[in-house]
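*Asks:* please work out how this folds:
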Amino acid sequence: MENMIEEIRVYGDPVLRKTAEEITEITDEIRDLNERMIETMLEDDKGIGLAAPQVGVSKRMVVIDRSFGDEESDILTMINPEIIETEGEITFEEGCLSVPDIYESVTRPKRVKATYTDIDGNQQVIDNDDFLARVIQHEIDHLNGVLFVDRLNPVKRALLSKKLRTLAKESKKA
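*Replies:* Purely as a prediction, here's the structure:
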């Protein structure tokens with residue numbers, strides 16, 4: 001079996017700053033990308049969410065493990081997700097596979113309602129107000145070229161600037 005693990009793109013890689021392209025048709029290529037993204041996300045329990053730009057593909061697709069690391073994975077694939085409603089506010093620590101070893105508190109809406117297409121081409125709506133709501137927002141940000149560090153206040157960003165510059169330099173070498 002071929003290795004399906006993709007390289008995670010790191011802060012400084014230009015693909016992470018692009019607005020990802022809408023997916024107009026669910027092809028074998030998209031289904032294959034979905035499988036590779038799931039395998040990459042689950043590799044060594046690295047993450048609970050992954051957006052296509054994080055593996056170098058500028059397409060509007062995310063995968064989320066709704067089990068949040070439990071033994072049995074429960075994968076949610078969202079194609080062309082769009083947040084249509086938000087409510088409340090909550091602050092919680094976030095990290096990101098594309099911004100390794102940096103964890104900071106980020107304020108986001110507590111509840112989100114989003115529309116998306118599943119991997120079988122069906123239109124879906126998800127309405128959630130727990131940790132999944134935060135993960136959905138974080139991953140959709142990736143599709144819009146936004147990283148969680150962009151959501152930090154200017155003082156926190158300034159304190160992280162050296163670490164972020166180092167990540168960007170390492171990303172360019174790779």
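
*Asks:* going forward, measure contacts and count neighbours with C-alpha atoms only.
*Replies:* Noted.

*Asks:* what's in contact with the lowest-mean-pLDDT helix or strand in the chain?
*Replies:* Across the helices and strands of the chain, the lowest-confidence element by mean pLDDT, DSSP states H and E is helix 154-173, at a mean of 87. With contact meaning Cα atoms under 8 Å, 6 or more residues apart in numbering, helix 154-173 is reached by Arg9, Val10, Tyr11, Gly12, Asp13, Val99, Val149, Asp150.

*Asks:* and that helix, how far from the chain's centre?
*Replies:* 19 Å (Cα atoms, centre = their mean, to the nearest Å).

*Asks:* please save the CA atoms from it in CSV.
*Replies:* Listed next in CSV are the C-alpha coordinates belonging to helix 154-173 (Å, rounded to 0.1, in the frame of the first residue of the first chain):
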residue,chain,number,x,y,z
PRO,A,154,-1.3,42.7,18.7
VAL,A,155,0.6,42.3,21.9
LYS,A,156,0.5,38.5,21.8
ARG,A,157,1.4,38.5,18.1
ALA,A,158,4.4,40.8,18.8
LEU,A,159,5.5,38.4,21.6
LEU,A,160,5.3,35.5,19.1
SER,A,161,6.9,37.4,16.1
LYS,A,162,10.4,35.9,16.6
LYS,A,163,9.0,32.3,16.8
LEU,A,164,6.8,32.9,13.7
ARG,A,165,9.7,34.4,11.7
THR,A,166,11.8,31.3,12.6
LEU,A,167,9.0,29.0,11.4
ALA,A,168,8.7,31.0,8.2
LYS,A,169,12.4,30.8,7.5
GLU,A,170,12.4,27.0,8.1
SER,A,171,9.4,26.7,5.8
LYS,A,172,11.2,28.4,3.0
LYS,A,173,14.2,26.0,3.4
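
*Asks:* how about that helix: buried residues?
*Replies:* Arg157, Lys163, Leu164, Leu167, Ala168, Ser171 (16 or more other Cα atoms under 10 Å).
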